[in-house]
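Colleague: got a structure for you, letters missing:
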């Protein structure tokens, strides 16, 4: 953003102070995440930077809390990780299938009451989690699914579908319907057309919706807090418990692992988004 | 002039045949939406409606004390009820006490008036040995609450099958003994304060997010792609990172010995002794929520700004407008849809926030959702939790409806 030579001084000052403001906002957004990473390598059981750490003394850093996280005795993280992945994977499969199928229906130009259906299908994203959690807890208790994986998976499917519906309908909005007509004119039945033509073309949207659903389930804490028994504990629940009592540096190690995971998911989602835009012929430059 | 009906290949009039095809397509579209629709209806909408019923449902107590309520109907409430009421109460209470099922009754009546719990517990033990006469005397001997007509009035007042008293309690009102709506005592009235605080926090977080995200959304939208893609990561990474990770990082940042306080001391703004308290109060809730919700404002603003041609600003300048004027008169009005979308989204999310205020809020930074969670998990007054939840839900759905009218649900974009 170099300014041309003839720019007047006051505009120049304004321009650079604007850039400084933007820099500060970006710092505000990203800095908190990076405070955690060095602290998770702290050799001491403290949660602040020691003198030694600031001098970058190698003695001040260690993998102690990572070892504790993996091999520690009476360690809840193993079970929590297993549960989190099982729940998130099943919830993702459920919400991706239900959401994609519904999005295809919603994108059809023959769909009646489109806006009303869309408003209902997206509502789980809008209703505060504390309310969804309360209501779903009563329901699951009534049908005997409280404190089961099934109950948690079902409620996470509900919470994940809006994201799938949104991303897949967005992908379908740029979809060229003449290709499905071409397939139909060549004698393909609708299911075959969907599997062979439509689905591969909207795949980037489906996968990024699935990633959203995965992250939603993997991070979700409020509904699980109401529904889970001791056996169903997940990573967010363990973090919640740990943060409420005494923050141990082990939590920071777990948090660092989660940051790495979310970075990987973000990069995948971004690559998919670009691929999808290329496929649909959108050039944003 | 004669009109010829055009026939399609199967011999039907074309219009009819087209309508038939259209209906088939319509049904197909509906069938595709149906699985998710019914799934959401059963596991989401039905439980929400059930919660609404729970908040007004008073049948538990009317089923426990049917005889008492019938007997109390004739009582005028001016002095202690007669022997018949005590006898009816004995007939209701005795089987509950014998089968050890009276716990719920203690809890339920204690919400009505405090003091019931201890009185009932004492009576619960003694009632098993009551003689089958002179009930009034025996009850009064068992505990003094039975000698106080206020307690009988409290029972009488809870006799309807459906009750909206939990809603009144949610806004610090109650029904007094004459069934008039009055304010609750001052030391108990905290809910109006919490509602106002929740609205205030949601409002200021929205305002703060708006002022922070407008400049960076503009920067992202005007920079060349290769730079803006890198900066976009700064917005998207927090968006994809676990809420608890972000909250815990703020707990590290804001603690007494944390980086922010140390920087403030290093800058000489504070001394080591009187470092500001940044966590477990309003400041903590506000700062943390602003950072967490910021991406939800940046993304809609960005997607609107991205579609504004840069030639418009240039045209404004070439027609003699100062940069500020062309911005205010041309650019800003065009971004209003994005502002509306972002503000409503952030406000809706902020108003129901639970995890962050619970962890960094302390006592002065808690919001209404923390109260709902408290009644769900600790006090177990589920009817009251449901009533508060329903009130919050109505508020959120109203904003959602406004959002739908102003922005359109189909315009929600994620990243």
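Modeller: Done, it's in. What you see is a predicted model; the values in this text were computed from it and never measured. Numbers count the residues shown, from 1 in each chain, chains lettered A, B, ... in the order given.

Colleague: Disregarding residues adjacent in the polypeptide, which is nearest to residue B:123?
Modeller: residue B:142 (4.7 Å; C-beta to C-beta, 6 or more residues apart in numbering or on different chains). (C-beta placed from N, C-alpha, C; glycine too.)

Colleague: Just confirm the one you found contacts residue B:126, I think it does.
Modeller: Yes - in this structure, residue B:142 is within contact of residue B:126 by C-beta atoms under 8 Å, at 4.5 Å.

Colleague: more neighbours, these two?
Modeller: residue B:142 (19 against 14; other C-beta atoms under 10 Å in any protein chain shown).

Colleague: got the contact list for the residue in the stretch 301-415 of chain B positioned nearest to chain A?
Modeller: Per C-beta to the nearest C-beta, residue B:352 is where the stretch 301-415 of chain B lies closest to chain A, at 2.2 Å. Residues near residue B:352 by C-beta atoms under 8 Å, 6 or more residues apart in numbering or on different chains: A:127, A:128, A:129, A:130, A:131, B:369, B:392, B:396.

Colleague: who wins for neighbours among these?
Modeller: Highest count within the contacts of residue B:352 by other C-beta under 10 Å belongs to residue A:130, 29 neighbours.

Colleague: Model confidence for that residue, exactly?
Modeller: Note for residue A:130: predicted pLDDT of 92.

Colleague: So which other helices or strands are in contact with the helix or strand containing it?
Modeller: Assessed by DSSP states H and E, residue A:130 sits inside helix A:129-142. Applying 3 or more C-beta pairs under 8 Å, 6 or more residues apart in numbering or on different chains; DSSP states H and E, one finds that helix A:129-142 makes contact with helix A:149-173, helix A:222-227, helix B:46-56, helix B:368-377, helix B:382-406.

Colleague: which residues in the stretch 51-200 of chain A form strands?
Modeller: Assigned strands in the stretch 51-200 of chain A: none (criterion: DSSP state E, counting those that start in this stretch).

Colleague: how about the helices of the stretch 1-150 of chain A, start to end?
Modeller: Ranges of helices in the stretch 1-150 of chain A, per DSSP state H, counting those that start in this stretch, are A:9-40, A:51-54, A:64-71, A:77-107, A:114-126, A:129-142, A:149-173.

Colleague: Of those, which shows the lowest average pLDDT?
Modeller: helix A:51-54 (a mean of 72).

Colleague: circling back: tell me the spacing between the spatially closest residue to the residue of the stretch 301-415 of chain B closest to chain A that is not a sequence neighbour and residue B:370.
Modeller: Nearest residue to residue B:352 in three dimensions, chain neighbours excluded: residue A:128, at 2.2 Å (C-beta to C-beta, 6+ apart). Residue A:128 sits 12 Å away from residue B:370, going by C-beta to C-beta, to the nearest Å.

Colleague: With residue A:53 instead?
Modeller: Taking C-beta to C-beta, one finds residue A:53 at 35 Å from residue B:370.

Colleague: Next, the contact list for whichever residue of the stretch 1-150 of chain A sits closest to chain B, please.
Modeller: Chain B sits closest to residue A:128 of the stretch 1-150 of chain A, with a gap of 2.2 Å, by C-beta to the nearest C-beta. Applying C-beta under 8 Å, 6+ apart to residue A:128 gives the contacts B:349, B:351, B:352, B:353, B:354, B:369, B:392, B:393, B:396.

Colleague: before we move on, what about residue A:88?
Modeller: Residue A:88 sits in contact with A:156, A:214, A:217, A:218, where contact means C-beta under 8 Å, 6+ apart.

Colleague: ok, the last one touching residue B:242?
Modeller: By that I understand residue A:218. Yes - using C-beta under 8 Å, residue A:218 and residue B:242 qualify as a contacting pair, with a distance of 7.5 Å.

Colleague: Ends of stretch B:249-260, what's the gap?
Modeller: For stretch B:249-260, the first-to-last residue distance is 12 Å (C-alpha to C-alpha, to the nearest Å).

Colleague: how far does that stretch sit from the chain's center?
Modeller: For stretch B:249-260, the separation from the chain centroid amounts to 29 Å (computed by C-alpha atoms, centre = their mean, to the nearest Å).

Colleague: Please list the residues outside it that contact it.
Modeller: By C-beta under 8 Å, 6+ apart, stretch B:249-260 touches A:31-33, A:35-36, A:39, A:47-49, A:243, A:247, A:252, A:255, B:261, B:275, B:277-279, B:283-284, B:287-288, B:291, B:359-360.

Colleague: Filter those down to just the buried residues.
Modeller: A:32-33, A:35-36, A:39, A:47-49, A:243, A:247, A:252, A:255, B:261, B:275, B:278-279, B:283-284, B:287-288, B:291, B:359-360 (16 or more other C-beta atoms under 10 Å in any protein chain shown).

Colleague: Next step: the contacts of stretch B:249-260 restricted to strands.
Modeller: Per DSSP state E, strands hold no members of the contacts of stretch B:249-260.

Colleague: Do a quick rundown of the helices in the stretch 101-250 of chain B.
Modeller: Using DSSP H, counting those that start in this stretch, the helices of the stretch 101-250 of chain B run over residues B:103-112, B:116-126, B:135-142, B:149-157, B:165-170, B:191-222, B:225-240, B:243-254.

Colleague: So which of the ones you listed is the most surrounded?
Modeller: With neighbours defined as mean count of other C-beta atoms under 10 Å in any protein chain shown, those peak in mean count at helix B:243-254, which reaches a mean of 24.

Colleague: what's the angle from that helix to helix B:225-240?
Modeller: 100 degrees (axes from the mean of the first three to the mean of the last three C-alpha atoms, to 10 degrees).

Colleague: how far does helix B:243-254 sit from the chain's center?
Modeller: That offset, for helix B:243-254, works out to 23 Å (C-alpha atoms, centre = their mean).

Colleague: same deal with stretch B:236-254?
Modeller: Centroid separation for stretch B:236-254 versus its chain: 23 Å, with C-alpha atoms, centre = their mean.

Colleague: With stretch A:47-62 instead?
Modeller: 32 Å.

Colleague: between residue A:218 and residue B:242, what contacts are shared?
Modeller: residue A:236.

Colleague: ok, now which ones touch residue 272?
Modeller: With no chain named, the answer covers chain A. Counting by C-beta under 8 Å, 6+ apart, residue A:272 has contacts A:204, A:207, A:208, A:211.

Colleague: Wait, chain B was what I had in mind.
Modeller: By C-beta under 8 Å, 6+ apart, the contact list for residue B:272 reads residue B:265.

Colleague: which SS class is it?
Modeller: Following DSSP: H, G, I helix; E, B strand; the rest coil, we place residue B:272 in the coil state.

Colleague: So, low pLDDT: which residues of chain B?
Modeller: In the predicted model, chain B carries pLDDT under 70 at residues B:1-3, B:177-178, B:409-415.
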